[in-house]
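Engineer: sequence plus predicted model, see below.
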Amino acid sequence: MKSRFPIFSHFPDLVFLDSAASAQKPKVVLDAVREVYEKKYANIHRGLYALSLEATRLFDEAREKISNFFGVEKNEIVFTKNGTEAANLFISSFSEKFLQSGDEVIITVADHHANFVPWLRIGEQRKVILKFVEPNSKGVFSPDNFTKAVSPKTKIVAFPHVSNVTGQIFPVQEIVKMAKKNRAKTFLDICQSAPHFPINLSKLGVDAAFFTGHKMGAPSGTGGLFVKKELLEEIPPFLLGGDMVDTVSQKGFTMLRSPQKFEAGTPAIAEIIGLGITCDFLNGIGLQKIRDHEKELLKYALQLFEKELPNFHILGTKDVEMRSGLISCIHPKIHPHDIAQFLDTKNICVRSGLHCAEPIHQFLNLKNGSVRASFWMYNEKEDVEKLVEGLKEAENLFARE
């Protein structure tokens with residue numbers, strides 16, 4: 001599999017275990033973006049000449065590919081430059097339309113800052129009550145945690161599909177069912193799940209969700225927002241300007257229909273076309289195959305940690321059916337940054353710190369954060385073995401009695 005990702009031909013000894021932060025790019029995606037810039041580039045939805053029409057066709061085709069990838073209608077996908085922008089777009093627009101003083105919003109302490117900080121701001125601006133769902137002492141969430149938080153004043157429940165710290169896969173359908181009983185909307189962060197296993201947002205039943213392309217193997221500067229079409233038509237746009245208006249005069253303006261009313265300005269044309277190619281690539285490999293491969297790596301890693309690294313504590317559940325392919329861990333005597341920098345001397349790339357998810361680390365009383373190793377399709381058992389050996393060497397260096 002590594003042969004399909006050019007970076008590994010340039011750096012054959014690279015052990016890349018930071019795909020949860022950003023994934024490496026397959027050759028087919030890089031080639032597609034290059035071809036657009038070299039042979040097919042023009043602005044979209046504006047020109048009547050052949051080059052512009054071809055770029056527009058490829059861009060619209062990408063929207064169809066991406067909507068099919070997530071099991072939704074093509075006009076329910078809004079393009080953004082990343083997941084953070086998508087989250088901010090929805091949170092701002094939804095709040096403007098539906099939230100009033102005294103309304104409740106439920107979020108979790110496991111949420112990425114992209115789905116946490118904007119709600120904090122909305123709480124201040126609109127005098128909305130924020131309720132924070134907490135896990136058990138191991139960092140594991142259950143549906144009961146959400147049921148206890150919901151009330152008749154709850155307007156929306158926002159939560160991650162996969163925690164980028166503990167790796168837990170949240171019971172989405174159970175949470176959605178509970179929210180619907182209370183007439184609350186649901187907003188799902190799928191940034192950490194989209195590259196790793198099949199997702200059908202229509203079957204999950206969420207009202208809205210956001211994703212980012214760079215974690216899927218797509219170019220940076222790509223991402224998107226899914227919103228059910230009825231809700232998408234109700235909420236106002238986040239940005240105003242060219243390409244989202246129908247008519248403009250000194251007296252005012254009218255807007256195009258969704259999703260274009262949310263896509264003001266020139267988008268990352270070639271990169272979004274590349275995102276569509278990424279979806280083709282992932283479908284060609286098979287998301288379930290990727291999931292099965294990651295589960296095998298996860299099982300192997302958990303076994304080696306238990307056998308070889310008893311002093312390292314793994315965050316979250318050890319049930320591989322309930323977690324995605326990442327491991328965050330701590331050592332009681334070694335700072336996470338020291339571990340990560342030492343592993344870098346062995347060409348092993350991991351992330352250390354708070355992973356843009358400080359509240360869950362605070363809940364677990366981990367002020368320095370954790371060390372995270374995340375797997376994807378191009379990782380093999382050999383990478384896991386090198387990680388474990390590197391951690392053993394780090395322990396011998398930094399924690400000798």
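Structural biologist: Cool, got the structure.
Engineer: how long is stretch 168-187 from one end to the other?
Structural biologist: Terminal residues of stretch 168-187 lie 17 Å apart, using CA to CA, to the nearest Å.
Engineer: what average pLDDT does it get?
Structural biologist: Mean per-residue pLDDT for stretch 168-187: 97.
Engineer: tell me the buried residues in it?
Structural biologist: 168-172, 175-176, 178-179, 184-187 (16 or more other CB atoms under 10 Å). (C-beta placed from N, C-alpha, C; glycine too.)
Engineer: list just the nearest of these to Ala23.
Structural biologist: Ile169 (18.4 Å; CB to CB).
Engineer: mind listing what the closest one touches?
Structural biologist: For Ile169, the contacting residues are 161-162, 193, 322-324, by CB atoms under 8 Å, 6 or more residues apart in numbering.
Engineer: swap the cut-off to 10 Å and go again
Structural biologist: Ile169 is in contact with 160-163, 192-193, 196-197, 317, 319, 321-324, counting by CB atoms under 10 Å, 6 or more residues apart in numbering.
Engineer: JSON lines for those, including pLDDT, neighbour count and distance to Glu385?
Structural biologist: Listed next are those as JSON lines, based on pLDDT from 0 to 100; neighbours: other CB atoms under 10 Å; distance: CB to CB, whole Å:
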{"residue": "Pro160", "pLDDT": "98", "neighbour count": "28", "distance to Glu385": "30"}
{"residue": "His161", "pLDDT": "98", "neighbour count": "24", "distance to Glu385": "29"}
{"residue": "Val162", "pLDDT": "98", "neighbour count": "24", "distance to Glu385": "25"}
{"residue": "Ser163", "pLDDT": "98", "neighbour count": "31", "distance to Glu385": "26"}
{"residue": "Gln192", "pLDDT": "98", "neighbour count": "26", "distance to Glu385": "25"}
{"residue": "Ser193", "pLDDT": "98", "neighbour count": "23", "distance to Glu385": "27"}
{"residue": "His196", "pLDDT": "98", "neighbour count": "28", "distance to Glu385": "22"}
{"residue": "Phe197", "pLDDT": "97", "neighbour count": "19", "distance to Glu385": "24"}
{"residue": "Thr317", "pLDDT": "94", "neighbour count": "19", "distance to Glu385": "23"}
{"residue": "Asp319", "pLDDT": "96", "neighbour count": "11", "distance to Glu385": "23"}
{"residue": "Glu321", "pLDDT": "97", "neighbour count": "7", "distance to Glu385": "24"}
{"residue": "Met322", "pLDDT": "96", "neighbour count": "15", "distance to Glu385": "24"}
{"residue": "Arg323", "pLDDT": "95", "neighbour count": "23", "distance to Glu385": "20"}
{"residue": "Ser324", "pLDDT": "97", "neighbour count": "26", "distance to Glu385": "21"}
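Engineer: let's see which of those end up in strands.
Structural biologist: Among these, the members found in strands (DSSP state E) are Pro160.
Engineer: mind putting the contacts of Ile169 into a markdown table with distance to Gly265?
Structural biologist: Output for those, formatted as a markdown table (distance: CB to CB, whole Å):
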| residue | distance to Gly265 |
| --- | --- |
| Pro160 | 29 |
| His161 | 29 |
| Val162 | 31 |
| Ser163 | 33 |
| Gln192 | 28 |
| Ser193 | 29 |
| His196 | 31 |
| Phe197 | 33 |
| Thr317 | 43 |
| Asp319 | 45 |
| Glu321 | 43 |
| Met322 | 41 |
| Arg323 | 39 |
| Ser324 | 34 |
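Engineer: thought Phe59 was touching Gly276?
Structural biologist: Yes - using CB atoms under 10 Å, Phe59 is in contact with Gly276, at 8.5 Å.
Engineer: settle it for me: which of those two has more neighbours?
Structural biologist: Neighbour totals were compared for Phe59 and Gly276, and Gly276 leads with 25 against 19 (other CB atoms under 10 Å).
Engineer: so that one sits in a strand?
Structural biologist: No - the assignment for Gly276 by DSSP: H, G, I helix; E, B strand; the rest coil gives helix, which leaves it out of any strand.
Engineer: give me the nearest residue to it, chain neighbours excluded.
Structural biologist: Closest residue to Gly276 apart from its sequence neighbours, by CB to CB, 6 or more residues apart in numbering: Ala62 at 3.0 Å.
Engineer: burial count for the one you found?
Structural biologist: Neighbour count of Ala62, defined by other CB under 10 Å: 26.
Engineer: report the secondary structure state of it.
Structural biologist: With three-state DSSP as the basis, Ala62 sits in helix.
Engineer: who are the contact partners of it?
Structural biologist: Contacts of Ala62 by CB under 10 Å, 6+ apart are 32, 74, 77, 79, 222, 269, 271-280.
Engineer: which one (most neighbours) among those residues?
Structural biologist: Using other CB under 10 Å as the neighbour test, the contacts of Ala62 are led by Leu275, with 31 neighbours.
Engineer: I'd like to know which elements the worst-scoring helix or strand of the chain on mean pLDDT is packed against.
Structural biologist: Lowest mean confidence among the helices and strands of the chain (mean pLDDT, DSSP states H and E): helix 143-147, at a mean of 93. Under the contact criterion of 3 or more CB pairs under 10 Å, 6 or more residues apart in numbering; DSSP states H and E, helix 143-147 touches strand 104-108, strand 129-133, strand 154-160, helix 172-181.
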